[in-house]
Structure formats: C-alpha cells, structure tokens
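Asker: Here is the input, now give the coordinates:
(2 chains)
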Number of protein chains: 2
Amino acid sequence: MDIEAFRKAGYQAVDAICDYYTKIREMPVNSTVEPGYLVKLLPDHAPEKGEEFSVIAKDFQEQIMPGITHWQHPSFFAFFPSITNFESILADMYATSVSNPGFNWNCSPACTELEMVVMDWAAKLFGLESVFHGSSGAGGGIILGSASEACLTVAVAARERCLRILTEEAVTSKGIQGNGKTVKDLARGTGIMTGANGARVKATQVVIPEELRARCTPNMVMYGSTHTHSIGKKAAIILGLHFRALPTYRKDEYALRADTVRQALEEDTQKGLIPFMLSTFSAEFILGLPQHLSSGESPSVATIGTTNTGTIDHIAEIGAVLKDFPTTFLHIDAAWGGVCLALPELRQTLQLDAINTYAHSFSTNFHKWGLVAFDATALWVRDRELLTSALDVTPAYLRTAQGDSGSVIDYRNWQLALGRRFRSLKVWFVLRSYGVEGYQKHLRGGLEMANLLEKMIQGSPDFELLVPKSLALLVFRYHPSDRQYSQSELNDLNKQLHATLASRGDIILTQTVLPADDGEEGTFCIRFALGNARTEEQDVIHAWNLVVRLARELRK
Amino acid sequence: MDIEAFRKAGYQAVDAICDYYTKIREMPVNSTVEPGYLVKLLPDHAPEKGEEFSVIAKDFQEQIMPGITHWQHPSFFAFFPSITNFESILADMYATSVSNPGFNWNCSPACTELEMVVMDWAAKLFGLESVFHGSSGAGGGIILGSASEACLTVAVAARERCLRILTEEAVTSKGIQGNGKTVKDLARGTGIMTGANGARVKATQVVIPEELRARCTPNMVMYGSTHTHSIGKKAAIILGLHFRALPTYRKDEYALRADTVRQALEEDTQKGLIPFMLSTFSAEFILGLPQHLSSGESPSVATIGTTNTGTIDHIAEIGAVLKDFPTTFLHIDAAWGGVCLALPELRQTLQLDAINTYAHSFSTNFHKWGLVAFDATALWVRDRELLTSALDVTPAYLRTAQGDSGSVIDYRNWQLALGRRFRSLKVWFVLRSYGVEGYQKHLRGGLEMANLLEKMIQGSPDFELLVPKSLALLVFRYHPSDRQYSQSELNDLNKQLHATLASRGDIILTQTVLPADDGEEGTFCIRFALGNARTEEQDVIHAWNLVVRLARELRK
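Answerer: The predicted model follows:
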C-alpha cells in the first residue's frame, strides 16, 4: 500500500469509525454469532495474491463486525466498562506510525520519557504521594498490559525482596562480623563498587545464597481473599508458589479483614511457611472467571464461578498487621475502581492514606473506567530498585550509578518482557484532551448514574440490593413482595430473569452468585456496572424499566 | 471529543502520517535529544482544563517527534528491522475503535476466531506441520506481545511438564498398582471424570505432589547458548530457576552444538540437577542487551555486552540428544529470522524438518522483519494442553470436554495475563494486503540487498566479513590491507569507525564484539541488518560507500 492508497484507506477508516459511533446506540449490544462462525467463513490459508484494501475493509465490516461485542454501547452494563475513545484511536494511529520495540530509552527517547511524564501526572491525579512519583528517584510508575501482568511483575519483586530479607536475617543470626565489614556488607555480595568506566555502582543487590533460595522458595505463600480476582492465584501458579485464599464474609460485605489476615499468617508462619505477598483491593470488583464466559457456552445456560461484588478491603488494618510479617509485600490491585482516586471526595473511602502509608505497589487500569483504550494498566512501586534488582539481567558490575539514578528509566528492567509499545501516548492524549476537570466529570457521571439506579432499585418493592452500592457497581435481585419465597425459588427466578435479559440483544448484564457465610446455598443475583462513557441517564432508566417489566412478566 | 471533531482530527492524523512517510528519507534517522529532554519540556502535572486536539496534535509533532528514532527510515540498519506499515496502522485504528479486554471468546468472538484463523494461515505460510495448527485440536498458535513473553510462557509449561513426567516416574518406580487402576490413573489425581452439567472432563492434569514440587523445582535448569538472547535467562530468573549458558565457539560460527548440549546435560543430571527446557535458535541474531543501549549512555562511548551475529543452531542434532533427556522441553526462538520460513528455498537452511520433528514450541516475531507493527509475536505449541494445564486457573472439575476440544480457544489459558488486545487484525490485514507472494517478495528483497552488500564487502580489500552472512545480517570490520595490524589496533580502528558513523544522523548501524574462542581479546565489529521495508538498493550502496569513505578518512 503506497502513501496515497493509505490516505484514501485512512480517511475511509475514520469515516467508518464515525459511522460506527453514530449508529452504535441502535445496534445490538452483544454479538449473536455461534462459536466457529468466523473460522467457517474465512479461507483456511492466506491468499496467494495481495488484495485491494477496499475489499479487506469491506470484509472487516461484513465478517468481523458481526462477531464484535460492543463494549462501547450505552447499554453495556456487563463485567466492567472497557472504555475506548477517539483520543485513544488517534494515539494508536500515531504510535503505530512510528512503531519501535521500545525496550529502552535509546530505542526512541520520547517513548520512555512520555511514560515517565504521564505516570507522574497520573500519580498526582490519583493522590499518590511523592515516593511513588518517578521524579522522586525512589519509586515510579510504568504502563503495563494488564492488571495480571502487574501482579505477576510485582510478585517476582516481592519474592526476591522476601529472599533478601531472609538472607540478611540469616547473616545477622549467624553473627558474621569482622574485618571492618558490617553485616550488611557481607550480605551484599562481593562488594564490587565500581563498574564500567569507573562509574560508581549501587551495590544494592543482596546475593541470595542458592541454598537459602532452594530451602525457602517452596515454602513461600501469596495471599488474596476468596473474592480475589484470579490474577493473584495465577501469578502464584506461574511462579510455582503457594497461594492461600483468605475467607471473606457477607457480614463484612466480602471485604478482607485484618484479623483474618493475622490468623492465616500466624498459622502459616508457625508451620514454617513464609508469607511473601498479599494482594488486596481498593474498591475493586472482581471478575474471577465467571464460568458463563467459558468458551462455547452461551451466557444463558451458564454455570457460575466466583462471585463479584465491589468490595473495599481494610487496607490500613491489614497494613498494620503486615508490619509484624515484614517479608510480606503489600500489593494493592484497584484495577477497576482505582481511577476514582482522581476524585478528592472519594479518597477517604478508597483509603488513599492507607495506600500511601502501607502499599509497596499500587495498580489500576486506565483501560477500564479510566478512559484509555485497552491495554493500559498503571503500576506504581514505592521502591523501583525492588523491580530492577529482580528483573534486570544486566550484571551488577555493569550497572552504573547513572542507570539507576532515575534521570531516565530503562523500562525493560521494570517489566517481564523486553519490548514494549508506545502506550503512554494514549494516556497523554486522554489526560490533555479531558483535563483533570473532564476526567473527574466522566467519573462523577458514572457515580451519579449509579446513585440514580440505586434509588430506582430501592424504590422498587420487588427488588433488593444485596450488597451496598460500590462506586458504580450495583448487585441486586428480584424478590417479589407478594409472598414468601425460599432461597431456591428466588435463585430460580433470578436465573430466569437473567436468561431472559441475556437472550435480548439490547442490553448486557452479568450474573453472579454471592456465597453464604454458612456454606448454604448462595444467592444468585445480577450485576449492573455503570461508568461507560456513552451511557446516559435515559439508558439507565430504560434498562431498569426493562428489568422490572421482564421480571413481572416472568412471574405471570 | 465528539464524532465530527474526531473526523477532522482523524483526517489530520492520516495526512500527518502521509507527510511523515513522504519526508522520512530526508529526515535524520536517529533522535539527537539528550536524556531528560521531554521531561524538562512538559508540565509536571496534567492540565486542569481539557485542551483542543489541534494543540495536542501540534505538540505531538513538535515535542514528541524530535525524540523518535525512525526505525522505518530506509537507512536504519541497526539492531533488527522493526517494521510497521499502513496496514498495521489501519488495523490498530479499527481494533482500538472496538476495544475490549478480549480475555475469552465471549468478550468478542471475532477477536478470538480471527486469531485462530491467522495463526493457522501463518503456520502454513511457514511450513509448520499440522500438529502446530489450531485446527488440529492438538497444538495451535497464539499472538503474544514479545519473544520474551513467549519464552516465559512456554517456560511455565515446560516446568509443569517436567514435574508431571517426574511424578509419573515416581509413581511407576514405587510400583503402585492395584484396585484396577493403572499407574497413570493413580498419577492423575482423584479421577474426577465428570464436570459441570455432566460434561466429560479430560482428566489430563497429573496432580504433582507438593513434596515432589518442593524437592525438584530448586534443581531445575534451563539451557541456552552463551549467544542466547537475554530472554531465556530472564525467564529463568523470573521463575526463580537456574539458567545455564552453554558455550558456543567461533569455529562453529557461534552455533550451539549437540555435543555441548549432551555434555552439559549429562554433567548436570549426574549432579542431581533436572534439565527442563532448552531454548535454541533458528537463524536468529541476538540482541543480548548491548550495553550502549543502557540509559543515558550515548552509542559512541558504549561498553559492549554480549555478541550478536546470525547463528543457526543445529536443531536436529540437539533434538536427538534431548530424546535422552525427556524432561527437557525444546523451544525454538526464531524471533528475527523465523519469518523466512515463508520462503521454500530457505526451509532446509532454517531446519524446518528438525523444527517439525523436535520442537515443543516455536516462536517468531511478525513485528521484526515480518511486516506487522510491534507488538505481534507468534508462538506455536505442539501440545496446547501443556499450556492450559499450566496456566488455566479454572479448577479441573469445571473444565469441560467442550472447552478443551478446540472448537474455540480461550486464549486467556494460553498466556500469562488475562486481558488481550485484538492483535490478529493487523496480521490479517497484512497477510491479505501482501498475499503470500507479496510477503515472500518483501523477504527476498532483504535477502537480495544482503547479497549485494556481501559482494561489496567481499570486493573491498580493506574490509572483511567476520562470520558468514546470515539471511539479511552481515557482520564486518575494517581491516586495511596496507600493513599488518594487531587485534588491538583493529579494534581501536573499528571503534573509531563506528563512533564516526554513530555521530552522523543519516545512518544507524550497531556495533558488536565477537568473543575469541581462547579467551583472548574479542573482535570489535559492525553489524549491518537489512530487511527494512523502505530500504532500497541505492540506500545500501550509499551506506556502504559512506562506510568505505569514512574508514579511509580515518586512516589518514
């Protein structure tokens, strides 16, 4: 494709995207294709001859679009918002036009530096204290692909941190001292203090003895709540480490409590296990791989997996407990709700002070409610050296003071992979185009619609909210007031209601089950997630009226 | 930004990209900004009020573009090509316009299915046999973000595979049999054979005893060559496992030999260590974190890291050796050169038969020489169940035959993260727009220019090729014929030559050092990587004449 062909195809793509957003309200929100629809439709090998782009663009509309679920639809209330916008599309156009592998500063200096800038902008927007700002030289922020990648990345850092602490303890307990060296010197390896070109090397990497690593690693445990997103568990599985799910209770609104944490860590420590990380949540609602998302199963016939409600763990209490278990790294995963820290009025609710006091790392997804297209997970760490010492494969004697000083960051040493996309551009475009005011207005819009829906649910005698509204998430069920219903009857009724809703194309809501504290039958209910950028008050009212009407018809 | 504002900004972005590619040949190829240029230029917090997009777009040109290194420039001969093109830009526009988190089929069916389709197209394009095709139901392909992510992903699968084999061996050696159960039944855990809804569950997950995991994991070793890209080592570090770099020699053109592999694995096995993975290369040239890429150091004053030449390991020999070490998973990382398997005339050189016979997994980057914008790493596995059993956090009793049958794939269980971008669209656009013929023509163009350069180097009495040309990569040095030069003198001369080249803005080449077999001083040399889509014969001739002229001036 030559330059003029691209100009033509590019204009057409812009027009097609404009058409899409002009019509999106009238489109069915979910795709109704059957599994395998596209595999059957497309040839089983690449074409021998090149094709005209106009044909390819036509096939995008005719073959791909029917298999797209419209997450930007005003009536998409499922899972969580996964917002894209025009700013993100423009940023991806520009970014892909100057594509490069981005593994370090020299690859393309603007890519690294813009990420440093926007991550400090966002740290300030969310109220993270200066230690988390890259400009502090202590911690800093990085944009990753997903909250799971963020969790896995900090888990590696947390494991190494734990082993370093154990190494220092072992050296201390053996009382090795002498030759004018401190205990810390001895733990810090061979003491190479000058690197290439005579540059002074920060000899911060404690050399973990292989024997200690082999002995301790199999006993290391990561903790999360039973309401935890699968990502903590998956990170532990990937690293081959234990994961312990801590129980949460309906009476606590499914938030993880400090006494639960203390009890588990004490039990495990007494058994010789070693807590190395706790991943907890600030106003997070949990995806947890609902089974109806499994391949090939239609939403309406689904079995149910883990629960998902909006819970706010008690970070300050938990953080205080962890002071007694210093090998435990505290990661706050606020993938969905964390962006609401941009609202000063919510910072107390979202426990910003506790995050600033106790968290070793904090992550939130710009790409959910945060107005930046997938993928853009923000991760901040309090101590960047925990990442680089765990992930930098550059030998210590080649690490220069300059490289560690923070004037520029080699992000490859902050992440699992080497290469990286120019994701900061979309964050920059969004934050500038919206401004702090616009960003806050967007978030408050979702909260206001959640307030409206809450009032409507509370005003409907035949419906009940099952847990208090969490930010822009509501969890409700149909509970007719005409007679007494058993839990089983209510569950059946709500399964039918959800199935009826799921069979329509004009709205999507996700089902969930709230577990009972006593091991009895859980509570089937329906989640209503607000915050999508294109959702208006009328859409919420329309959706609620629809739910009420379908529920009543069901009872007839 | 509303729809009409996007139309305007979108047209302008298309025009700006057209301008960029119209002028790219006349632009300096590398950025000359100093570290921190952008951090100083931009405000230290997000704007309070939203800004007009025209202002933001102007700032992109004025503030960001000066910090971009132009990897698409016809005279970019450094590292490796990292090609983008108009098809990729268009695909990213469309993909971002329908952005969704993509974690499984239901998220947006087209995203999963198009990936299944294009990965089978590409498997056929590259000659991978049917077991690697998704349509086989056995193996299949996935698009990941980078070769390092691919390596880490298969390393997790390889570790679990190794532990499963050890578990089965342990059960067998204990001679546990009886109750009508086979040894395999006993190793396969509690024998849950029906899952939700009565669906038959594939009970393939051997339950690895915790004790065995704790005992064996600290002894597991991953292998790569000393010429290995850092990604193998980094994957091992992330997993907390040993990495052993196997020596390669100049006499073997730095390819890893089977006898080296056998000797190392025998040594380690005798010590009680457990080989679990070998990562080797097919026509790969190695990045290896050259130190001059470290932050803040200018290319001209760089110290040198690991070597990078194009080497082709002896896969068939190595594969045969590994038959004696069945716990060892063989991963072929052909990040750069693997796309050349699209050329039938190169399949013997690139050892396709050996890959098809021995490899457990194979990966190559579309986003290097393969015409698709970063990020798009192709990974194929021979046995998908190795991935899903290692990475699926869905409990075994909920895994249904349907979910494992391959009618549609839940890609979240093939990767580390949960969410995923719609990357298959750019692969589809590229393969259709170029067709197989156009794709092959592009690759052959790079190879032909490498032939041309090889002839010019061989025809220059003052230059020498240091290793045979590898696909489109040449490694040469200046070696004047007027008198005898010592290795040190030649190294100094070539360092000066590279520094002179690096100080210019119109060309980029990467330096490297070839280690000597005997531990003596290595050979400083210059790498010339061809294959960029915009490079023409005249650019190669111009570049070579420049090298020759600068070298001669240097000697005066």
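
Asker: for chain A, what's the longest helix?
Answerer: helix A:424-458 (DSSP state H).

Asker: Determine the set of other helices and strands touching that helix.
Answerer: With contacts defined as 3 or more C-beta pairs under 8 Å, 6 or more residues apart in numbering or on different chains; DSSP states H and E, the packing partners of helix A:424-458 are helix A:86-97, helix A:109-125, strand A:463-470, strand A:473-478, helix A:537-555, helix B:53-59. C-beta coordinates here come from the backbone N, C-alpha and C atoms, glycine included.

Asker: for the third one, what is the average pLDDT?
Answerer: Spelled out, it's strand A:463-470. Mean pLDDT, strand A:463-470: 89.

Asker: swap in the last one?
Answerer: Per-residue pLDDT over helix B:53-59 has a mean of 98.

Asker: hmm, who's touching it?
Answerer: A:87, A:90, A:428-429, A:432-433, B:1, B:5, B:9, B:12-13, B:16 (C-beta atoms under 8 Å, 6 or more residues apart in numbering or on different chains).

Asker: what bits of the stretch 151-300 of chain A have low per-residue confidence?
Answerer: A:174-205, A:226-229, A:281-300 (pLDDT under 70).

Asker: Which members of the contacts of helix B:53-59 are classed as buried?
Answerer: Using 16 or more other C-beta atoms under 10 Å in any protein chain shown as the burial test, the contacts of helix B:53-59 include A:87, A:90, A:428-429, A:432-433, B:1, B:9, B:12-13, B:16 as buried.

Asker: returning to that earlier point: would you tell me which of the helices and strands packed on helix A:424-458 gets closest to B:D392?
Answerer: strand A:473-478 (26.7 Å; C-beta to C-beta).

Asker: Tell me the neighbouring strands of the closest one, and mark each as parallel or antiparallel.
Answerer: strand A:463-470 (antiparallel), strand A:523-529 (antiparallel) (DSSP bridges).

Asker: Return the most buried member of those.
Answerer: strand A:523-529 (a mean of 24; mean count of other C-beta atoms under 10 Å in any protein chain shown).

Asker: Give me the angle between it and helix A:424-458.
Answerer: 130 degrees (axes from the mean of the first three to the mean of the last three C-alpha atoms, to 10 degrees).

Asker: doesn't A:A359 make contact with A:E129?
Answerer: No: judged on C-beta atoms under 8 Å, A:E129 makes no contact with A:A359 at a distance of 10.2 Å.

Asker: quick one: which of these two has more around it?
Answerer: Ranked by neighbour count (other C-beta atoms under 10 Å in any protein chain shown), A:E129 and A:A359 place A:A359 first, with 24 against 16.

Asker: Contact partners for the more buried one?
Answerer: A:315, A:319, A:330-332, A:382.

Asker: Let's see that with 10 Å instead.
Answerer: A:128, A:132, A:280, A:282, A:315, A:319, A:329-332, A:334, A:351, A:380-382 (C-beta atoms under 10 Å, 6 or more residues apart in numbering or on different chains).

Asker: repeat for A:E537
Answerer: A:445, A:448-449, A:452-453.

Asker: ok, and the most crowded of the residues you listed?
Answerer: A:L453 (24 neighbours).

Asker: so what pLDDT did that one get?
Answerer: Confidence score, pLDDT, at A:L453: 98.

Asker: hang on, it packs against A:F476?
Answerer: Yes: using C-beta atoms under 10 Å, A:L453 is in contact with A:F476, at 8.8 Å.

Asker: Now do the shared contacts for these two.
Answerer: What both A:L453 and A:F476 touch, as defined by C-beta under 10 Å, 6+ apart, is the set A:465, A:469, A:528, A:544, A:547.

Asker: quick one, what contacts the fourth one?
Answerer: Applying C-beta under 10 Å, 6+ apart to A:W544 gives the contacts A:452-453, A:455-457, A:459-460, A:463, A:476, A:528.

Asker: Closest to chain B out of the shared contacts of A:L453 and A:F476?
Answerer: A:F528 (18.4 Å; C-beta to the nearest C-beta).

Asker: isn't the closest one right up against A:Q511?
Answerer: No: with contact defined as C-beta under 10 Å, A:F528 does not count as touching A:Q511 (11.1 Å).

Asker: so what's in contact with the two at the same time?
Answerer: A:A78.

Asker: any idea how far A:K49 lies from B:S433?
Answerer: According to C-beta to C-beta, to the nearest Å, A:K49 stands 11 Å off from B:S433.

Asker: Over to A:T153?
Answerer: From A:T153 to B:S433 the distance is 36 Å (C-beta to C-beta).

Asker: Identify the contacts common to A:E129 and A:A359.
Answerer: A:R382.

Asker: I'd like the shared contacts of A:L453 and A:F476 laid out as a markdown table, including distance to B:R159.
Answerer: A markdown table is the format used below for the shared contacts of A:L453 and A:F476 (distance: C-beta to C-beta, whole Å):
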| residue | distance to B:R159 |
| --- | --- |
| A:L465 | 45 |
| A:K469 | 43 |
| A:F528 | 42 |
| A:W544 | 50 |
| A:V547 | 47 |
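
Asker: circling back: wait, which of the contacts of A:W544 is closest to B:R552?
Answerer: A:F528 (74.9 Å).

Asker: Enumerate every residue touching the residue nearest to the closest one when sequence neighbours are not counted.
Answerer: For A:F528, ignoring the flanking residues on the chain, the nearest one in space by C-beta to C-beta, 6 or more residues apart in numbering or on different chains is A:L474 at 4.6 Å. Applying C-beta under 10 Å, 6+ apart, we find A:L474 in contact with A:77, A:309-310, A:450-451, A:453-454, A:456-457, A:465-468, A:525-530.
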